[in-house]
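# could you work out the structure for the sequence below:
(chains A and B)
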Amino acid sequence: MTRAVVTVVGRDHVGIMARVAEGCAQANANIIDISQTVMNDIFTMVMLVNIQALNCDFDQFVADMKALGDKMNLKIHVMHEDIFSSMHRV
Amino acid sequence: MLNINEILETVTMIQDDYLDIRTITMGISLIDCADSDPVRSCTKVYDKITKKAQHLVETGQKLETKYGIPVINKRIAVTPIAMLAGASGGDPVGYAHALQRAADAVGVNFIGGYSALVQKGFSAGDKALIRSLPRALSETDNICASVNVGSTKAGINMDAVALMGRIIKETAQQTADRQSIGCAKLVVFCNAPEDNPFMAGAFHGVGEPDCVINVGVSGPGVVRSALSKAPKDLPIDQLADIIKKTAFKITRMGQLIGSEAARMLGVPFGILDLSLAPTPAVGDSVAYILEEMGLERCGGPGTTAALALLNDAVKKGGVMVSSRVGGLSGAFIPVTEDAGMMEAARLGALTLEKLEAMTAVCSVGLDMIAIPGDTSAEVISGLIADEMAIGMVNHKTTAVRVIPAVGLKVGDEVAFGGLLGGGPVMPISTFSPAALVQRGGHIPAPLQSLKN
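Below is the predicted model:
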């Protein structure tokens, strides 16, 4: 397991990027790429992170990020990169 | 690099459109558990299942967290128990209890394979197992049973058809205190597949390896959602293309999870079953897909044509993904498990006769249909015979899973809860086929040549 995709969706407000990045840093997940857009006040961000050197279990990272999302009224999902490439790349 | 739209499409499919892996089913051969002593045989069955499947549930959960896609069911399919009962003699219900203990020990929600294959006749163990079904299904909670009574090559065993009408009635009677739920765990088949991962009809065929992982994907909600974005006047062949593309994506997901599960468990990957399996959740319905295609209600004129297109497009989209496609692979139409079907049945738009026509063009058959509790055994046998004939002549699997709900009449509602859902008791013709059914014997296999 090397890379995961973090998706963040919700109403735009101050500090989303900072706190999501902080969540990744706490788990020692290195951010490789970020793509972000705001449409009609809805904030959407997709992050590609390296999870090779996580300092906790992947399960824990998924749960922590979800909890962070709940606290900030955002939907945050962390999923292994393979699920996206298997669905969209032949 | 993946783009943001693709990533969000996948996340939406899972979060909003109910995309999931419906089941990871481990097939386990019990041939080596046969013993002349039934007690020893049951012990071997329990030991083998609990050894082979000890990590099954945990593996499903690990995959769920890693990939962020729900793996709804973890299940087991075993060699038809009638074969073991034939070898050991004794009361087959002992095996049902052994399977139930094994299911409890490993934490799966169903074990399928309390089954008999009698399309050409009964061998040792078959009749005893069939007669034990009402008891086995009322005394256990997580055991599924099936009986294959016909095939294109063998014809239809009408003695078995007559017997199954009575057995279904008795099973309903013995589980009358639970809305006759025993019948929801019992399927009568024609051309039963030996590698089907879906319940209640899963069993592990004799041509299968010792242990194997089969995966069933689902996603009616995803298909409906994709179709809802298409313009209302889009030609129907282009709708078929949308379904194919969506089925392709869903199936890729199943292929990934299936091969990962097989690798983690150290067991060969068997087949991927490309089925659209609805759940009672609103939005996860096959009926809504048909309505999205342009029907006022599922069951009205045009339904069979729309379903035929859907069933075929799902296969065409999925079959390119994996060279290991098998099982039932098609659209399911279980009435009590599909919010749109329930609604259509309540309105009278969907009738039993229309459902029978629909089964000629889609996967499986008359599935999860509640009928009045006073329906006679002969009428149920007649219904089974009709459905088996459709399968036999069309070289496809057909099945009957009806629930003659004791004490209930047309218009009453059953509520099983969970994936089994609930819904209205549907009317069934009561003109009696008793004289036909009581003849017994065998309907000869249809002609396989002279097709010009």
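
# what does whichever residue of the stretch 251-400 of chain B sits closest to chain A show for phi and psi?
Closest residue of the stretch 251-400 of chain B to chain A, CB to the nearest CB: residue B:256 (4.3 Å). (Each C-beta comes from the backbone N, C-alpha and C, glycine too.) Note on residue B:256: backbone dihedrals following degrees, to the nearest 10 are phi -60, psi -50.

# same check, this time on the one 10 residues further on
Dihedral angles phi and psi of residue B:266 (degrees, to the nearest 10) take the values phi 70, psi 40.

# tell me the contacts of the residue of chain A found nearest chain B?
Going by CB to the nearest CB, chain B is nearest to residue A:79 of chain A, at 3.4 Å. For residue A:79, the contact set (CB atoms under 8 Å, 6 or more residues apart in numbering or on different chains) comprises A:4-5, A:7, B:10-11, B:67-69.

# and it, what pLDDT?
At residue A:79, the pLDDT value in this model is 93.

# distance of it relative to residue B:36?
For residue A:79, the distance to residue B:36 (CB to CB, to the nearest Å) stands at 52 Å.

# what of residue B:183?
Where residue B:36 is concerned, residue B:183 sits at a distance of 33 Å (CB to CB).

# which one's more surrounded, the two?
Remark: of residue B:183 and residue B:36, residue B:183 carries more neighbours, 31 against 10, as counted by other CB atoms under 10 Å in any protein chain shown.

# these two touch, right, that one and residue B:402?
Yes: using CB atoms under 8 Å, residue B:183 makes contact with residue B:402 at a distance of 6.7 Å.

# now do the shared contacts for these two.
In contact with both residue B:183 and residue B:402: residue B:168, using CB under 8 Å, 6+ apart.

# wait, a strand at residue B:26?
Yes: Residue B:26: assigned to a strand according to DSSP: H, G, I helix; E, B strand; the rest coil.

# residue contacts, it?
B:52-53, B:56, B:75-77, B:211-214, B:265, B:267.

# so which of those residues is the most crowded?
Neighbour-wise, the contacts of residue B:26 (other CB under 10 Å) top out at residue B:77, 31 neighbours.

# picking up where we left off before, list the strands paired with the helix or strand hosting the residue of chain A closest to chain B, with their directions.
Take DSSP states H and E as the rule and residue A:79 turns out to sit in strand A:74-80. Strand A:74-80 has its sheet partners listed here by DSSP bridges as strand A:3-11 (antiparallel).

# which residues does the partner strand contact?
So strand A:3-11 is contacted by A:16, A:20, A:24, A:29, A:32, A:41-51, A:58, A:61, A:65, A:69, A:72-81, A:84, B:2, B:7-8, B:11 (CB under 8 Å, 6+ apart).

# let's see which of the residues you listed end up in strands.
Residues of the contacts of strand A:3-11 located in strands (DSSP state E): A:32, A:42-50, A:74-80.

# may I see the PyMOL selection of the buried members of the residues you listed?
Here is the PyMOL command that selects only those of the ones in strands among the contacts of strand A:3-11 that count as buried (16 or more other CB atoms under 10 Å in any protein chain shown):
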select buried, chain A and resi 43+44+45+46+47+48+49+74+76+77+78+79+80
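
# retrieve the pLDDT associated with residue A:1.
54.

# please disregard the earlier target; I meant residue A:37.
For residue A:37, pLDDT reads 88.

# check contacts around the closest residue in space to it that isn't next to it in sequence.
Leaving aside its sequence neighbours, residue A:37 sits nearest to residue A:44 (CB to CB, 6 or more residues apart in numbering or on different chains; 5.3 Å). Taking CB under 8 Å, 6+ apart as the criterion, residue A:44 is in contact with A:7-9, A:36-38, B:4, B:8.

# got the buried residues for stretch B:173-188?
B:174-176, B:179-188.

# can you tell me the average pLDDT over it?
96.

# alpha carbons of it, in CSV - could you do that?
Taking C-alpha atoms only, stretch B:173-188 is exported to CSV below (Å, rounded to 0.1, in the frame of the first residue of the first chain):
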residue,chain,number,x,y,z
GLN,B,173,-46.5,-23.5,8.5
GLN,B,174,-43.5,-24.3,10.7
THR,B,175,-42.3,-20.7,10.6
ALA,B,176,-45.8,-19.2,10.8
ASP,B,177,-44.8,-17.3,14.0
ARG,B,178,-42.2,-15.4,12.0
GLN,B,179,-44.3,-14.6,8.9
SER,B,180,-43.3,-17.8,7.2
ILE,B,181,-39.7,-16.6,6.8
GLY,B,182,-38.5,-20.2,6.3
CYS,B,183,-39.7,-19.9,2.7
ALA,B,184,-37.4,-16.9,2.1
LYS,B,185,-34.5,-19.2,2.6
LEU,B,186,-35.6,-21.9,0.2
VAL,B,187,-35.2,-21.7,-3.6
VAL,B,188,-36.4,-24.2,-6.3
